[in-house]
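Undergrad: show me the folded form of this:
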Amino acid sequence: MKRNSDRPFDLIVFGATSFVGQLLCRYLVERHGTSGALTWAIAGRDAAKLDQVAQNTGAEVERIIADASDRQALNELAESTRVVVSTVGPYALYGSELIAAVAAAGTDYCDLTGEPQWMRAMIDAHSETAAASGARIVHACGFDSIPSDLGVWFTQQQSIERFDSPCDHVAMRVYAMKGGASGGTIASMMNLMEEAAADPEVRRLLADPYVLAPKQMRSGVEQRELTAPTHDAASGQWIAPFVMAAVNTRVVQRTHALLGRPWGQDFQYEEAMVTGSGFVGGLKAAGLSAGILGGMGLAALSPTRKLLSQFVLPKPGEGPSPQAQLAGSFDLRFFGLTPTGRAIRTQVTGDRDPGYGCTARMLGEAAVTLLDLDPQEVGGGFLTPATAFGDRLIEHLEAHAGVQFSVLI
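TA: Model (predicted):
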């Protein structure tokens, strides 16, 4: 196995032909060029499509042919670079061999999966190998779950600075979110629903708030899971379930566990969408809740899931237009309370479509930040955005990715 410093590439984008992969390539060209200090390449299974991506995005860098199921090709890819960033999903179908390869090669890795059952399987299968090789593997480096995970991290640091105490309860509220979904994200969600429908163990894992915690820490205080419209004490408004909460809350709980649970054994974290106040706010919360639960119910049934995938939902490779990405944005608020009742409120905002315009830039900054991590400071294993990067990534996101972190109260 080559030492990382001896490898020909700093970074390889695996899945460069995907919708987000192309956005990521364009962003890396804008930020780092193709002949600067960052030495990078693009990878995928189709040479002609890689050539087209290079032409469309300006990513005139080396092309590497590797299929997600070809372990030998993935081993060679992993051993040729310091960092792999993957956009190949659904990860439960196409991501496992690459995780095995980077863990064995001591290669750092990040992706934008939102599939807790797959993350749990990878953690259990490869944690020891990654720790021994020094590979830092960081899942969920897109809109799920960087804003949530780093938003909680930022809130806790600010609470400690102001009150000399962390919060033992943090509630994230989505105040605004404008943007569309890509076919790749929809495909991942549909695969997750298919797995859950077929396997009661997957359903059990998805319901467990501590599913991603280290093996010895997979229990804790009961966590609130919002499933119905509710009038919210934190925001003073009506709230409805947030579809990404089932991923984000699990990542935050893994962060807390990896840190040694410094925010207290009773730490609670929850997420929801704000729909407004008064009668109208209540109606919106009820409508949104019914829509989410109804959509999940339809997706859980095989016949309707196939019909939705075939005739209604976007296909893999499809996604929001460049104009829609630029017009998008998000506004997340974090309400923190210390054990003595001291309150803090923080905000995380993004200036583009959250799932794609912002996600590509978040993923790009996470991948490049991996290159700067000192092995003595951050050892190998399965990390989270907060435990891998902390304040360093916040600084990069604010400087380059249009994501801002601020204290409101």
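Undergrad: gap between Pro241 and Arg7?
TA: 44 Å (CB to CB, to the nearest Å). Where you see a C-beta, it was placed from the backbone N, CA and C, and this is true even at glycine.
Undergrad: also Val368?
TA: With distances defined as CB to CB, the gap from Val368 to Arg7 amounts to 16 Å.
Undergrad: kindly report the same for Val202.
TA: Val202 sits 36 Å away from Arg7, going by CB to CB.
Undergrad: between those two, which has more neighbouring residues?
TA: Residue environment comparison for Val202 versus Arg7 gives the larger neighbour count to Val202, 21 against 18, counting by other CB atoms under 10 Å.
Undergrad: look up phi and psi at the more buried one.
TA: The phi and psi values for Val202, taken as degrees, to the nearest 10, are phi -60, psi -40.
Undergrad: what pLDDT does it get?
TA: The model reports Val202 with a pLDDT of 83.
Undergrad: one more: Gly89?
TA: At Gly89, the predicted lDDT confidence score is 87.
Undergrad: one more: Leu205?
TA: Looking at Leu205, its pLDDT reads 88.
Undergrad: contacting residues around it?
TA: Leu205 makes contacts with 116-117, 120, 211, as judged by CB atoms under 8 Å, 6 or more residues apart in numbering.
Undergrad: could you redo the last one with a cut-off of 6 Å?
TA: Neighbour list for Leu205: 117, 120, 211 [criterion: CB atoms under 6 Å, 6 or more residues apart in numbering].
Undergrad: where in the stretch 201-350 of the chain is pLDDT low?
TA: With pLDDT under 70 as the threshold, the stretch 201-350 of the chain has low-confidence stretches at 293-320.
Undergrad: now do the strands in it.
TA: In chain order, the stretch 201-350 of the chain shows strands spanning 230-231, 238-240, 268-276, 329-337, 343-350, with DSSP state E, counting those that start in this stretch as the criterion.
Undergrad: now the strands for the stretch 51-200 of the chain?
TA: So, for the stretch 51-200 of the chain - with DSSP E, counting those that start in this stretch - the strands run 62-65, 81-86, 108-111, 136-138, 169-178.
Undergrad: redo those strands as a markdown table? Include distance to Glu271.
TA: Written out in a markdown table, the entries for the strands of the stretch 51-200 of the chain read as follows (distance: least, CB to CB, whole Å):
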| stretch | distance to Glu271 |
| --- | --- |
| strand 62-65 | 38 |
| strand 81-86 | 25 |
| strand 108-111 | 21 |
| strand 136-138 | 20 |
| strand 169-178 | 5 |
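Undergrad: I am finished for the moment; much appreciated.
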